[in-house]
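>>> below are the sequence and a predicted model; questions follow.
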Amino acid sequence: MTDLTKDSSEVRRGVAVSAVTQTGAKGLHLVLNVVSTLAIIRYLSPSSYGDYVLVLTASMLVGLVADFGLVKLATREISQDPDSESEVLGTILLARLCLAVLCIGLLQLVLLAMQVPAELHLAALVSSMLYLGDAVLVVVVAFYVRIKQQYEAIIRVGMEAFETTFVIVLVIHKASLPVLFVAPATATLLGAAVAVVVVHRRFGVRLRLALSRMPHLLKEALPLGPALLISVCYLKLDALMLAVLRSPREVGLYGSAYQPIEYAFLAAAVVVNVAFPLVAASYAAGERERFLSLYRRGAEALVAVMVLAPILLSLIAVPLVTHVYGPAYRDAARPLQLLAVALVLMTLNGWQAFVLLGGGRQKVTLYYNLGALGVATVACTILIRAYGMNGAAMATLCTAVFVLTCSTLAIRRHFDAHLAMGPMARIAMSAAALWCTLWGLDRLGAPWLALVPAALVLYPLWLAAFGVVRLSTLEGLRHPEAELEQAAETVVDLTAPEGVELVEPLVIEASAETMLGAEV
């Protein structure tokens, strides 16, 4: 296994390959998600989509109990003690399966308390099958600790392609609301099966149950699981309170605005999944300077990328929503703009929570997340009553500011670490210069759609002009094609039934080529 405590060429190469493939995979994931989401939004009315969002939100919140932060805990434990891999993965897999079964029933109780129709109970039951697949996907930690995320990237793209195709087929055949949830549940279960086979046959990992490890793992997860649950509760509280205080139409509009923000937020995993094992290993080895450098670089990378969302959406939100979702969703533009600003803070908050976990300070996140839940409750109650779905977005922004303040102070107190203001100021100046440029193009009559590629071309130039990006940062990206092709071949070869000729490798090969295109 790769020694994560050393800044070796192997580690740098692994980071480069993992980052490139994860970026490409997240790009494809986003495109496929947009396709499936648009298919569902255009198929359902705003009210029906509101019901869909309600089931999706409730399933996600209850699913956090099944997760309990155990995946990130496993990553930390194995990064610090590679010899424990088989026992940690096997023990955590059992714990997550037990929690998954528990959560299937818990989700029904939550919906029963909300007094939803029987159709939504059935939809939630189908959706909760995801818990079982997600439990098995803990095995992808084996990719994380080896800095071999290209394997996970290929598996995830295959899952998303399957799910999108399935959704389109269901929409064409006029499927009911519960049946629409069959697609993600099936894709997750299949992806989990593939991941288990790859981890076993490619890296020789044999899952072993070690009940003696259970007390330690549960003790470490005890503050982490509730902290994760509470953090997502306050992130999703806006939608839930909107469902209680407003009409299903507003819930549907707000859900359509939140969807692209959620996709972008999940895209932050490109940085987090690559950097988190390095952060945990550096802290365990007592390498303070490397720990601090990784923390700062991860935060700067996330902010530099995510700030594109509020810049673009401040100019194109209205035509984007109208053309993509349809005229009925036009009112979703304003909450989308507000949520885009919150996205930058939410992403940085997530990264700082992982840094605290890497340093063994997960209890701190529990404390400030409890405070954030209180802030979110008060803000949602006041602002949603006054401003509806726009108030829900403003409440999310208020909560994000509170969490950013607390997490920043926590990192300074426990690690004597802080973000470097110089790089952050240069990123802010680059973003301001980009917005001014795009605003000028908009005033000159440039089509709104042309502003997107313009931003993608001009932003790197502004980053370079202000000294944020240097050519030296690209030094580690040297021919990652060989490792990616090996990963694709492994996923195909290890999952193919003997004696059966597959057509699917063509799909995976095309996906790999598309991901490599990100490097070019």
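Everything's here; your move. The model shown is predicted, which means the values in this text are computed figures rather than measured ones.

>>> check which residues of the strand or helix carrying residue 101 are buried.
Here residue 101 sits within helix 85-114, counting by DSSP states H and E. Within helix 85-114, the residues that qualify as buried are 85-97, 99-100, 103-104, 106-108, 110-111, counting by 16 or more other CB atoms under 10 Å. C-beta coordinates here come from the backbone N, C-alpha and C atoms, glycine included.

>>> can you pull the phi/psi pair for residue 145?
phi -70, psi -20 (degrees, to the nearest 10).

>>> per-residue pLDDT, it?
With respect to pLDDT, residue 145 scores 77.

>>> in the stretch 251-400 of the chain, where is pLDDT below threshold?
Residue ranges of the stretch 251-400 of the chain with pLDDT under 70: 269-271, 273-274.

>>> try 90 this time
Residue ranges of the stretch 251-400 of the chain with pLDDT under 90: 251-294, 297-298, 301, 321-330, 332, 350, 353-370, 373.

>>> could you do the stretch 101-250 of the chain as well?
103, 106-107, 110-120, 124, 127-161, 171, 173-178, 180, 184, 195-250.

>>> can you map out the helices along it?
With helices called from DSSP state H, counting those that start in this stretch, the stretch 101-250 of the chain shows them at 118-127, 130-136, 141-145, 149-172, 177-180, 182-203, 214-245, 248-267.

>>> to residue 317, which of those lies closest?
helix 248-267 (8.8 Å; CB to CB).

>>> count the residues that sit near the residue nearest to residue 237 when sequence neighbours are not counted.
Nearest residue to residue 237, sequence neighbours excluded (CB to CB, 6 or more residues apart in numbering): residue 376, at 4.8 Å. Residues within reach of residue 376, counting by other CB atoms under 10 Å, total 26.

>>> kindly report the same for the one 3 residues further on.
For residue 379, the number of neighbouring residues by other CB under 10 Å comes to 23.

>>> from residue 342, how far off is it?
From residue 379 over to residue 342 the distance is 12 Å, taken as CB to CB, to the nearest Å.

>>> for residue 360, same thing?
Counting by CB to CB - residue 360 and residue 342 are separated by 29 Å.

>>> which of the two has more neighbours?
Between residue 360 and residue 342, counted using other CB under 10 Å, residue 342 has the larger neighbour count: 25 against 15.

>>> so that one touches residue 393, yeah?
Yes: here residue 342 reaches residue 393: they are 7.2 Å apart, a contact under CB atoms under 8 Å.

>>> residue contacts, residue 189?
By CB atoms under 8 Å, 6 or more residues apart in numbering, the contact set of residue 189 is 129, 132, 133.

>>> please apply the same query to residue 46.
248, 249, 252, 253, 328, 329.

>>> now these in JSON lines, with neighbour count?
Putting those into JSON lines (neighbours: other CB atoms under 10 Å) gives the following:
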{"residue": "248", "neighbour count": "19"}
{"residue": "249", "neighbour count": "16"}
{"residue": "252", "neighbour count": "26"}
{"residue": "253", "neighbour count": "30"}
{"residue": "328", "neighbour count": "17"}
{"residue": "329", "neighbour count": "20"}
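
>>> and which of the residues you listed is nearest to residue 28?
Using CB to CB, residue 329 comes nearest to residue 28 of the contacts of residue 46, at 24.7 Å.

>>> how far away is the closest one from residue 335?
Residue 329 is 11 Å from residue 335, by CB to CB.

>>> swap in residue 347?
18 Å.
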